[in-house]
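1. structure of the sequence below:
(chains A and B)
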Protein chains: 2
Amino acid sequence: MNIEINMNELAELVKNKDYRKLKFLLERMNEADVAEFLEELDVKESVLVYRMLPKSTATEVFAFLPVEIQREIINAMTDAELQSIVEDLFVDDAVDMLEELPATVVRRVLENATPETRKVINQFLNYPEDSAGSIMTSEYIALRRTMTVSQSFDYIRAHGQEKETIYVLFVIDEERRLEGVVTVKDLLMHSYEVPIADFMETNIISATTTDDQEEVANAMRKYDLMSLAVVDKENRLVGIITVDDAVDVMQEETTEDIEKMAAILPTEKPYLKTSVFETWKARIPWLMLLMISATFTGLIIDSFESALAACTVLTGFIPMLMDTGGNSGSQASVTVIRGLSLKEIEFPDLLKVIWKEIRVAFFCGVTLALINFVKIWIIDRGLFGRSEITLAVDAVVCLTLLMTIVCAKCIGCTLPMLADKLGFDPAVMASPFITTIVDAVSLLIFFQFARLFLHLV
Amino acid sequence: MNIEINMNELAELVKNKDYRKLKFLLERMNEADVAEFLEELDVKESVLVYRMLPKSTATEVFAFLPVEIQREIINAMTDAELQSIVEDLFVDDAVDMLEELPATVVRRVLENATPETRKVINQFLNYPEDSAGSIMTSEYIALRRTMTVSQSFDYIRAHGQEKETIYVLFVIDEERRLEGVVTVKDLLMHSYEVPIADFMETNIISATTTDDQEEVANAMRKYDLMSLAVVDKENRLVGIITVDDAVDVMQEETTEDIEKMAAILPTEKPYLKTSVFETWKARIPWLMLLMISATFTGLIIDSFESALAACTVLTGFIPMLMDTGGNSGSQASVTVIRGLSLKEIEFPDLLKVIWKEIRVAFFCGVTLALINFVKIWIIDRGLFGRSEITLAVDAVVCLTLLMTIVCAKCIGCTLPMLADKLGFDPAVMASPFITTIVDAVSLLIFFQFARLFLHLV
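-> Sure thing, here's the model as predicted:
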């Protein structure tokens, strides 16, 4: 792709104070890249460079910046400059920013907004986090059903400049109730004199302000929507969500899922921006909980201490059994978690999923048990001459392996689905959690078989 | 959201052969939902219901269907019906389908396409899998720089009906070389008589046919693009990629990453559609590899058999140490893998990342070691009166814990970055792989400390 940008060259220009050339290059760059470059600079420099940007792109660059740099830029601005930024920003970007700024800065921003903007921003700030209301914007074009194609184009020409999207147009009645949707494509495919009521889509997919943002993003993906109407409880249009924001939501939610699957509390900031303390805080709770759970596994070993002492060769197989069990369980749980989050699997499929996992587990178990059986017999006993590994020991290990894999896969697929059904996030039921449970299960199976076949007490 | 559809009611209508009501309802449903409903039916029914759809929506529903149902429908079609479908499908959807259909069906489809369509499809089928070429489509609108706004609108009105997007228009010269991009918004914001060369964007972000699809999707997300030009090596426009396809790529690639992180070979089909054998095939290679690796961990235990026999109390701490090490390593590796795939972390950050992980690990380690030290002393020794747990044993366990966590986090963050640098997929370096390595490391540390402090041989 043709998007390589030489950040070093730009940084060099800043260092050498060659502002003329820098300005020339910045004006030709994409706003997202300018923002990325500002992030690489230290705070003072980034404020300095930001002020070099032409007014036409400054606001857009500002919207791309992380909140720490936004704060510094705001602090360095005059009230007049601040006012122009606040009025130019799309409401969703302004709200994103205000949600993270310290209260004193928020106050200064709001004081410099027009009463109208202030009212909208305050209203948007009240929508719950992760709701459709919190990611929507108010810059959309609303038409009336009586307008013709030609009148609609005139209206778009007059009002479209500062709207986030002009391609999907919303048709509302006097009470702002949503009546229909037309696209610019529809307009272009009909003659100028036709009223839009004749061809507007009335079977509209819409969200309410309190809908979960992930659900909204999934619907936009499923239906390939470019933008989506958000209505209040009376079906009055209050905002729209555009596909670029839906894409960001999807990425955020996926990152959150992946973090939870790795036993990390989700953080919103990128890795390199979080402090050591924040990272510690996100990781320590699960580590602690899982560590304490793992001590129960230790108790199982302790309670079979005499059996292990009588047949020490068994201890060496514990890591292999525990790891394979954990891996088998993780495979099932992660597959199911992803399926749940993409809505490919739902709770009523539970029995189907379990039945499938049992069969997969059986085949995986038989494969691995056979390989292991042969390996132990030929390599461990044959090659290394470890005569303490009897046929019975080998059988115990391989039977345990098979049973463990079947149990692990059943646990691995069931727990996420139950969690989902009970309203918990299934992502928590991933590898680390499953591993801890499966460890205990595999040891219990191991020692039961050992007792049975090796007559240990 | 207002998208609840009563699939059971529809299925009931199919069962009762109430086709009039069914047809009425289907005509009012979104195409994506109709496709979802067809998937739930058995094959014969779904072909039957598909044939009830009005011609205007049939092709779009067809594009949403999984390839197995597409095949059945094609087999049930006359050549004339097939021809109409092939010509109506967008090239990217046709190519997606043909890539997975059996050769005999592909031949029949191509025979029923016009020579022109056949040529385009054959060309598109030749692009490598996962390349920009494989996901692009050829239904775009190309303009000439000399056209005015008014002429452009006329052109769109005449040619836009069957294009996938009409909002981003590509300006090309006589040799189809890409010169600029204009949006319908640009057109609407300028007077009818202005030539588009006056305001077209010439600083264009484009991809080449061989670019990786993930890279393209990431760029579209970063720059908030609705569609992107794909050019060949001579900068001639050959296709476009629309945001809905980019979104699908992002989801697919994420699913692939998540599967790899769980030691599963990626499969393209949804969970419930894959056979037991396919699932087995996707899961067994890593299970096998990791099982064999884990036997090395067993060897470590075996080689310390006498030490363990002399101090049996140590064995019970093994699961806790191994699990906590594994979890710590996974946290680091998964965070880094996600950071790499979102381009938040890159190889030059390696030292920064390691230094951060060391500090986080140190604090996590100290926290857990302290908790563990107190817990062992008060609960295990105090409450359960296990006098064999001496202060030295407690110290060995807690020091091992601290050291293991530090090593685990270093390994966890380094391996994915090295894999990425060497051109491997970092996602493979996730929990299961890291756990296997960390298991061995934690045991080696444990036994070294045990030898040192408990004077075992």
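2. just give the number of residues close to A:Ala217.
-> 25 (other C-beta atoms under 10 Å in any protein chain shown). For glycine as for every other residue, the C-beta is placed from the backbone atoms N, C-alpha and C.
3. go on, A:Glu388?
-> 12.
4. likewise for A:Val171?
-> When neighbours are counted by other C-beta under 10 Å, A:Val171 registers 24.
5. run through the bridge partners of it.
-> For A:Val171, the beta-bridge partners are A:Leu143, A:Gly180 (DSSP bridges).
6. for it, give its distance to chain B.
-> A:Val171 sits 16 Å away from chain B, going by C-beta to the nearest C-beta, to the nearest Å.
7. please apply the same query to A:Asp212.
-> Distance, A:Asp212 to chain B, using C-beta to the nearest C-beta: 9 Å.
8. so what's A:Met429 up against?
-> Applying C-beta atoms under 8 Å, 6 or more residues apart in numbering or on different chains, we find A:Met429 in contact with A:333, A:337, A:415-416, A:419.
9. please redo it, this time with the cut-off set to 6 Å
-> For A:Met429, the contact set (C-beta atoms under 6 Å, 6 or more residues apart in numbering or on different chains) comprises A:333, A:415-416, A:419.
10. nearest to B:Phe362 among the residues you listed?
-> Using C-beta to C-beta, A:Ser333 is the member of the contacts of A:Met429 that sits closest to B:Phe362, with 30.5 Å.
11. the closest one against A:Leu418, yeah?
-> No: counting by C-beta atoms under 6 Å, A:Ser333 does not reach A:Leu418; the two are 11.4 Å apart.
12. and the two? Which one has more around it.
-> Neighbours were counted for A:Ser333 and for A:Leu418 using other C-beta under 10 Å; A:Ser333 has more, 32 against 14.
13. residues in contact with that one?
-> A:Ser333 touches A:412, A:416, A:429-430, A:434, counting by C-beta under 6 Å, 6+ apart.
14. ok, now how distant is A:Gly239 from chain B?
-> Using C-beta to the nearest C-beta, one gets 14 Å for the distance from A:Gly239 to chain B.
15. is it true that that residue lies in a strand?
-> Yes: assignment of A:Gly239 by DSSP: H, G, I helix; E, B strand; the rest coil places it within a strand.
16. could you give the bridge partners of it?
-> A:Val230.
17. how many neighbours does it have?
-> Taking other C-beta under 10 Å as the criterion, the count of residues near A:Gly239 is 25.
18. how many neighbours does A:Tyr167 have?
-> 23.
19. quick check, it in contact with A:Val182.
-> No: contact between A:Tyr167 and A:Val182 fails when scored by C-beta under 6 Å: they sit 10.0 Å apart.
20. ranges for the strands of the stretch 101-250 of chain A?
-> Along the stretch 101-250 of chain A, counting by DSSP state E, counting those that start in this stretch, strands occupy A:142-143, A:168-172, A:178-183, A:206-208, A:227-231, A:237-242.
21. with mean pLDDT and distance to B:Asn112 added, can I get those in TSV?
-> Formatted as TSV, those follow (pLDDT from 0 to 100; distance: least, C-beta to C-beta, whole Å):
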stretch	mean pLDDT	distance to B:Asn112
strand A:142-143	92	42
strand A:168-172	93	35
strand A:178-183	93	31
strand A:206-208	92	40
strand A:227-231	92	37
strand A:237-242	91	39
